[in-house]
Every structure is written in structure tokens, then in C-alpha cells.
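A.B. asks: got a predicted structure plus its sequence, pasted below:
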Amino acid sequence: MVAATLAIGMLAAVHPAPAEAATVDTNAWYVLVNRNSGKALDVSDASTADGARVSQWTRHDGANQQWQFLDSGGGFYRLKARHSDKVPDVAGASTADGAAIQQWADHNGANQQFRLADSDAGHVRLVSRTSDKALEVQGASTTDGGNVVQRARRRARAYPPRAGLVEAAPFGCAGVTAFNAVRKAGTGC
């Protein structure tokens, strides 16, 4: 599978440059995989309700684990869930660390928009337009049901990147090891 980390992080830029490691195909469906746990970004219980929790779960490639990037302009995207046509949403448009990520009807709000930002080893982070904070699995959980939240990136140089981060893999593609390699390889995934 193609793997690119959507890790935690915060970049301070008014008009951030697009992530160099990522090329997004807005026609493709992606499975987002946590780099720390190997589990997929999942809408809990395949719910179609507004407010349903976004968490991690053992990967099964179900429709509640498939996401399509929708262009919001300016380098930001919404992620549409295949099973519900709804998008991840920072609850209450919060800017706080630990704010929950939930599923909500797409209204193209800033709290539903994320940009890709470069991280280590060719991976990328999903960073909220509202808070400039990235998605992570709370507490670096490796269990099914671990909550997805937003958190600011720690800046101290002595620390490695935090665990519990998210990776992206185009659904149905195999044998590629970096997000941008799919586009370069011309696989159409």
C-alpha cells in the first residue's frame, strides 16, 4: 500500500506551500493508516449521523475507512467518507489541543478543511485550517477505537516526532512506499 504519514504538526505560515511529499488525486479513494498502530481512520460503527466519532480501527477497507480528498482551494482539502458523504470536522470549530474530530455534513467550513504538511521520512501531516493543529490518535493509542483529535506539534529539537500519527494509502494500490510515488509511478491509483 502507498503510505504517507499525516502526522501531528503546526506550521506558521499565512499561505503555506503545498507539501512536497504529497500529490493528491481528488478522484481517488484513500485509506488513512495510523503510522504508530497500523490501524485505519474509521467512522465509528459505520455511522452516517452527524457527530459520529472519528477514531482508528483495525483496517478492513470498508466504506467507513475510505476517504476522498475534496479541494477547498488554497491548498486545503475536505475528506469525504465514502459510506456517508460526510467529512471530518473539528468539533465546535475548537482551536484547543485534544479537540475531538467527528463526522459532520459537508458545509466547507474552515473546521472541515485540512492541508497536507511535510513531516519526516517523506510523510505528511493533516493540519486543520481553523487551528493550524494536526490530527493525531489521542495518547498514541494502538487500540481499536482510539480517538482522533487535533494537537499542536511539539517544537523541542531533542524529541522525535510524536507517535500515534496517521498515514494515507490510496485504496486498492499496492507496492508503493510513499504518497507521491503513486503519482510518479503513473499507476492511476
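C.D. replies: Nice, I can see it. The structure displayed is predicted, hence computed values, not measured ones.

A.B. asks: pull the residues that contact stretch 93-111.
C.D. replies: Here stretch 93-111 makes contact (C-beta atoms under 8 Å, 6 or more residues apart in numbering) with 43, 47, 49-54, 70, 72, 78, 80-81, 84-92, 112, 128-131, 133, 135, 138, 147-152. In short, each C-beta sits where N, CA and C put it, glycine included.

A.B. asks: if you set the cut-off to 6 Å instead, what comes out?
C.D. replies: Contacts to stretch 93-111, defined as C-beta atoms under 6 Å, 6 or more residues apart in numbering, come from residues 43, 50-52, 54, 72, 86-91, 129-131, 148-152.

A.B. asks: those residues, buried ones only, as a PyMOL selection?
C.D. replies: Under the burial definition 16 or more other C-beta atoms under 10 Å, those of the contacts of stretch 93-111 that qualify are selected in PyMOL by:
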select buried, resi 43+52+54+72+86+87+88+89+90+91+129+130+131+148+149+150+151
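
A.B. asks: out of the contacts of stretch 93-111, which sit inside strands?
C.D. replies: Among the contacts of stretch 93-111, the members falling in strands (DSSP state E) are 43, 54, 72, 87, 88, 89, 90, 148, 149, 150, 151.

A.B. asks: ok, now which ones touch the third one?
C.D. replies: Spelled out, that is residue 72. Residues near residue 72 by C-beta under 6 Å, 6+ apart: 78, 108, 113.

A.B. asks: closest to residue 31 among the residues you listed?
C.D. replies: residue 78 (16.9 Å; C-beta to C-beta).

A.B. asks: in its sheet, what does whatever helix or strand that closest one lives in sit against?
C.D. replies: Under the criterion of DSSP states H and E, residue 78 resides in strand 76-81. Note on strand 76-81: by DSSP bridges, its sheet partners are strand 67-73 (antiparallel), strand 114-118 (antiparallel).
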